[in-house]
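Undergrad: For reference, the sequence and a predicted model appear below.
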Amino acid sequence: MLFDTHVHLNAEQFQEDLNEVIERAQQAGVSNVVVIGFDRPTIKKAMELVEKYDFMYAGVGWHPVDAIDMTEEDLIWIEELAAHPKVVAIGEMGLDYYWDKSPKEVQKEVFRKQIRLAKKVKLPIIIHNREATADIVEILKEEKASDVGGIMHCFSGSPETAKECVEMNFYISLGGPVTFKNAKKPKEVAEVIPLDRLLIETDCPYLAPHPYRGKRNEPAFVKLVAEQIAEIKGISYQQVADITSQNAKKIFGID
């Protein structure tokens with residue numbers, strides 16, 4: 001069975017055909033997914049989905065691009081939601097220096113607040129990183145995020161950074177880019193990171209794996225990510241599926 005650790009089935013791209021998407025995921029062997037809410041509307045929708053579907057869990061947090069919009073009330077609301085039995089992580093959170101909607105200092109402050117909240121409610125964190133690796137690693141160390149650990153979602157950094165994150169009690173999650181012909185770094189990361197620290201994801205509807213690159217991604221395609229990792233590591237697909245599922249259940253505290 002496969003565990004897709006990062007989906008946005010709460011996105012408008014799935015409004016029309018969610019049932020068919022879920023059916024295809026189950027046919028592909030996907031047994032669990034974590035739906036990510038990262039602002040008011042997407043968190044509300046994520047919670048609706050996890051209430052409705054047994055195999056769905058939620059991560060709730062605030063996206064760095066929208067950090068400037070987050071209020072203290074939002075933070076309190078996220079803390080309240082953290083008590084829900086199907087909320088398994090805080091996030092996605094982090095830093096995004098590609099978009100400039102939220103100033104860097106605001107992003108950092110919101111990031112720190114969410115790490116502190118996660119430590120308070122004792123849940124792992126899900127990290128979004130875009131062109132901000134050094135600052136993310138520094139903040140994770142300063143805030144002692146290793147106390148709760150978490151996931152470097154859709155990891156795009158170097159093997160060296162990946163190892164550093166593993167030392168800080170983080171799992172490395174790989175998605176569609178590991179299947180891209182020209183994606184050198186994700187393949188190198190897949191090669192060097194121990195299997196017991198790897199997770200798989202789609203980040204659907206974004207970042208669809210080869211041969212669907214550029215199209216809408218969906219949880220069924222996580223199988224292609226697992227197959228590629230198996231090929232890189234020279235092990236069976238079943239081993240990758242089993243171990244990454246066990247890892248996901250461990251970090252999310254799912255029996």
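TA: Right, received. Where do you want to start?

Undergrad: where along the stretch 51-200 of the chain do the helices fall?
TA: Under the criterion DSSP state H, counting those that start in this stretch, helices of the stretch 51-200 of the chain are mapped to 72-81, 104-121, 133-142, 159-167, 184-192.

Undergrad: and the ones you listed as a markdown table, adding mean pLDDT?
TA: A markdown table is the format used below for those (pLDDT from 0 to 100):
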| stretch | mean pLDDT |
| --- | --- |
| helix 72-81 | 98 |
| helix 104-121 | 98 |
| helix 133-142 | 98 |
| helix 159-167 | 97 |
| helix 184-192 | 97 |
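
Undergrad: Including distance to residue 65 and mean neighbour count, could those helices go into JSON lines?
TA: (Each C-beta comes from the backbone N, C-alpha and C, glycine too.) Output for the helices of the stretch 51-200 of the chain, formatted as JSON lines (distance: least, C-beta to C-beta, whole Å; neighbours: other C-beta atoms under 10 Å):
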{"stretch": "helix 72-81", "distance to residue 65": "15", "mean neighbour count": "15"}
{"stretch": "helix 104-121", "distance to residue 65": "8", "mean neighbour count": "19"}
{"stretch": "helix 133-142", "distance to residue 65": "14", "mean neighbour count": "17"}
{"stretch": "helix 159-167", "distance to residue 65": "21", "mean neighbour count": "18"}
{"stretch": "helix 184-192", "distance to residue 65": "22", "mean neighbour count": "18"}
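
Undergrad: what's the closest of those helices to residue 208?
TA: helix 184-192 (14.4 Å; C-beta to C-beta).

Undergrad: With only the CA atoms kept, save that closest one in PDB.
TA: What follows is helix 184-192, C-alpha atoms only, in PDB (Å, rounded to 0.1, in the frame of the first residue of the first chain):
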ATOM      1  CA  LYS A 184      19.700  15.500 -10.900                       C
ATOM      2  CA  LYS A 185      19.400  16.600  -7.300                       C
ATOM      3  CA  PRO A 186      16.200  14.700  -6.300                       C
ATOM      4  CA  LYS A 187      17.700  11.500  -7.800                       C
ATOM      5  CA  GLU A 188      20.900  12.000  -5.800                       C
ATOM      6  CA  VAL A 189      18.900  12.600  -2.700                       C
ATOM      7  CA  ALA A 190      16.900   9.400  -3.300                       C
ATOM      8  CA  GLU A 191      20.200   7.600  -3.600                       C
ATOM      9  CA  VAL A 192      21.800   8.700  -0.400                       C
END
